[in-house]
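# missing the sequence, but the structure's below:
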């Protein structure tokens, strides 16, 4: 089993989500609802579903596109989205 991949993915997603708007939304929902564990379950299932889509798309793309190109493309897309978000604020 690829334990290194598991730990890198866990740490990366965990650190990226701390203080993220999604986490803040979950805090708000959990504070409002009498069943915070159901909020946790719903948020966890949503993160699992979104991650599953990402992994499936990456696996499908990797059949035709080399991993290095995917990594560079993802980086460029990340920067482009950041620039667009900054321009929208300004």
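Sure thing, it's come through. Keep in mind that this is a model prediction, so the values were computed, not measured.

# Read off the pLDDT value for the residue in the chain sticking out farthest from the centre.
What lies farthest from the middle of the chain is residue 34; by CA atoms, centre = their mean that is 27.1 Å. pLDDT, the model's per-residue confidence, is 94 for residue 34.

# And for the one 10 residues further on?
Looking at residue 44, its pLDDT reads 94.

# what helices or strands is the host helix or strand of it leaning on?
Element membership for residue 44 (DSSP states H and E) is helix 36-61. Contacts defined by 3 or more CB pairs under 8 Å, 6 or more residues apart in numbering; DSSP states H and E place helix 36-61 against helix 3-17, helix 21-32. All C-beta spots, glycine's among them, are computed from the backbone N, C-alpha and C.

# Could you single out the most deeply buried of these?
Comparing the helices and strands packed on helix 36-61 by mean neighbour count (mean count of other CB atoms under 10 Å), helix 21-32 ranks first with a mean of 12.

# Mind giving me the packing neighbours of it?
Using 3+ CB pairs under 8 Å, 6+ apart: helix 21-32 touches helix 36-61.

# Whichever strand or helix holds residue 71 relative to helix 36-61, how many degrees between them?
Using DSSP H and E, residue 71 maps to helix 67-89. Inter-element angle recorded for helix 67-89 and helix 36-61: 130 degrees (by axes from the mean of the first three to the mean of the last three CA atoms, to 10 degrees).
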